[in-house]
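Engineer: After the sequence you'll find the predicted model.
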Amino acid sequence: MNSQKTDQKRFFIHTLGCKVNQYESQVMRESLLAAGYKECLSKEIADIFILNTCTVTHHADRESRHWVGLFHRTNPKARIIVTGCYAEHDSDDISFLPGVFLILNNIDKMKIADFINGNNKSAQSQRLDNEIPPSITTFEGHTKAFVKIQDGCENMCAYCKVPFVRSTLKSKPVKNIADEVRTLVNNGYKEIILAGICLGAWGKDLFPSEMAERAGLKGMGLVDVLREIDKVPGDFRIRLSSIEPKYVTDELLKYMSNNFRMCRHLHIPLQSGDNYILKNMNRPYTTDEYKAIVEKARSMIKDVAITTDVMVGFPGESEERFQNTVNFIKSILPARTHIFKFSKRKGTKAYDMADVPDDFIVKFRYQALRTATFMSSYYYRSNFLDKTLDVLVETRRDKHSRLLTGYSDNYIRMLFEGPDDLMKKIVPVKVKDITLMYTLGEYGEG
């Protein structure tokens with residue numbers, strides 16, 4: 001590998017993983033365009049391939065390696081740049097893959113154009129506190145715009161590798177967040193999604209709570225960000241990405257209940273509905289505590305959608321403990337549930353845990369839980385039959401039905417007939433029919 005200047009100017013970006021990664025890919029895109037590089041929509045004509053990787057599961061690692069191989073086969077002469085969380089932790093493995101020209105850690109990818117041109121040194125060990133945090137002006141290929149306001153996680157869940165690759169808490173200053181939102185709203189975005197590795201931890205590094213307590217002052221938190229964004233003029237709404245249970249505070253719920261711009265939606269990861277498994281996962285709550293948060297949110301925010309994440313196959317998950325999770329999902333009835341299978345990640349506490357369920361059992365449990373979550377979603381959506389919801393229309397039609405599609409503020413995906421000029425607009429859609437998989441609507445108030 002080397003990083004000498006190249007005349008190759010056509011780049012292609014492929015992104016794996018979370019909303020933060022998607023945001024950071026947009027930062028790289030705008031950095032390269034500003035430096036005179038040109039993006040190509042087809043990988044077949046690219047001179048430079050950029051892979052923004054994920055390492056949450058071993059499948060994500062394998063997918064990253066697959067894409068490097070695919071890039072190299074597509075154009076053996078092209079230069080492949082690998083960045084993201086897999087590159088952060090496993091750069092030695094990546095360096096042996098054919099065609100890899102450059103490996104960038106998560107800090108350095110913000111200055112990717114400089115690295116390609118060979119005129120920057122790694123910032124791996126630096127805290128870039130004096131630099132202007134990266135921002136975006138548009139969000140290529142998306143109807144909604146993600147804004148990364150926070151990086152880093154220190155929760156150390158037993159199964160999770162993320163704290164090893166994004167450990168340092170870093171909050172974007174609130175003025176920079178508001179300025180970025182203002183730019184995106186001015187460029188036509190009707191929904192801003194605030195994202196972070198641990199979104200609710202925003203502000204902890206700016207004014208740690210223990211310092212605030214000693215000084216008799218209140219530290220800054222997520223609600224302070226929301227208040228500042230609310231000063232931005234324009235017709236837009238705000239959605240929170242995933243937020244850990246401990247950060248779903250009374251202050252946040254009260255703010256959401258009283259602000260018309262806030263989407264009535266909270267994605268609160270659960271991971272398991274069994275207290276023994278939660279404890280072994282190092283999740284800092286019980287099922288009763290989680291349920292109390294959900295009930296409080298529903299009591300304070302009318303028609304709020306609660307969505308969640310659940311893991312199957314964690315070490316020690318017996319049939320009884322799995323059924324506890326299924327029963328708990330039935331008791332809280334999330335509007336949507338993302339299910340994923342336990343994946344051994346080297347270095348985590350769960351890596352050496354015994355009693356990992358067999359693969360065929362995990363597959364069966366996955367399907368059983370999936371059935372329960374479909375019924376839960378159906379129950380939630382059925383509350384809105386014959387009601388009208390405000391839907392942000394996507395820029396692409398549903399690929400199967402060719403109907404327009406979009407999400408209400410409370411995260412109901414709607415399918416309905418209408419012209420293309422409704423795309424990127426928030427329009428009224430009346431819920432006309434509900435199936436296990438789909439919610440069908442009719443454009444207009446009637």
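Structural biologist: Happy to help now that I have it.

Engineer: the helices in the stretch 51-200 of the chain, which residues?
Structural biologist: 58-74, 85-89, 91-95, 112-116, 162-165, 174-186 (DSSP state H, counting those that start in this stretch).

Engineer: Domain boundaries for this protein, per the record?
Structural biologist: 10-116, 139-262, 264-383, 388-443 (automatic domain parsing).

Engineer: Any stretches of the chain with poor pLDDT?
Structural biologist: Residues of the chain meeting the criterion pLDDT under 70: 1-8, 120-131, 207-219, 445-446.

Engineer: can you pull the buried residues of stretch 309-328?
Structural biologist: Neighbour-count burial for stretch 309-328, with 16 or more other Cβ atoms under 10 Å as criterion, is recorded at 310-317, 321-322, 324-326, 328. Heads up, the C-betas are built off the backbone N, CA and C, glycines and all.

Engineer: Among the residues you listed, which one lies nearest to I103?
Structural biologist: Nearest to I103 among these is M311, at 29.8 Å by Cβ to Cβ.

Engineer: ok, the closest one - contacts?
Structural biologist: M311 sits next to Y159, Q271, S272, M281, I339, F340, K341, F342 when contact means Cβ atoms under 8 Å, 6 or more residues apart in numbering.

Engineer: Among these, which pair sits farthest apart?
Structural biologist: Across these, the longest distance by Cβ to Cβ is 15.3 Å; it joins M281 and I339.

Engineer: more crowded one of these two?
Structural biologist: It is M281, of M281 and I339, that has more neighbours when counted by other Cβ atoms under 10 Å, with 22 against 18.

Engineer: State the distance from that one to S31.
Structural biologist: 37 Å (Cβ to Cβ, to the nearest Å).

Engineer: Wait, a helix at K231?
Structural biologist: No - using DSSP: H, G, I helix; E, B strand; the rest coil, the assignment for K231 is coil, not a helix.

Engineer: Need phi/psi at it.
Structural biologist: phi -80, psi -10 (degrees, to the nearest 10).

Engineer: hang on, it packs against D179?
Structural biologist: No - look at K231 against D179 with Cβ atoms under 8 Å: they stay out of range, at 11.1 Å.

Engineer: between those two, which one's more packed in?
Structural biologist: Neighbours per residue (other Cβ under 10 Å) separate K231 from D179, with D179 holding more: 14 against 9.

Engineer: isn't that one right up against S135?
Structural biologist: Yes - counting by Cβ under 8 Å, D179 does reach S135; the two are 7.3 Å apart.

Engineer: longest helix of the protein?
Structural biologist: helix 359-382 (DSSP state H).

Engineer: just checking, what packs against that helix?
Structural biologist: strand 305-312, helix 319-332, strand 336-341, strand 426-434 (3 or more Cβ pairs under 8 Å, 6 or more residues apart in numbering; DSSP states H and E).

Engineer: can you list these in JSON lines and add distance to C40?
Structural biologist: Shown next, in JSON lines, are those (distance: least, Cβ to Cβ, whole Å):
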{"stretch": "strand 305-312", "distance to C40": "35"}
{"stretch": "helix 319-332", "distance to C40": "44"}
{"stretch": "strand 336-341", "distance to C40": "32"}
{"stretch": "strand 426-434", "distance to C40": "32"}
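
Engineer: between these, which gets nearest to V56?
Structural biologist: strand 336-341 (8.4 Å).

Engineer: tally of neighbours for L422?
Structural biologist: 17.

Engineer: Verify the stated contact: it with Y443.
Structural biologist: Yes - counting by Cβ under 8 Å, L422 touches Y443, with 7.0 Å between them.
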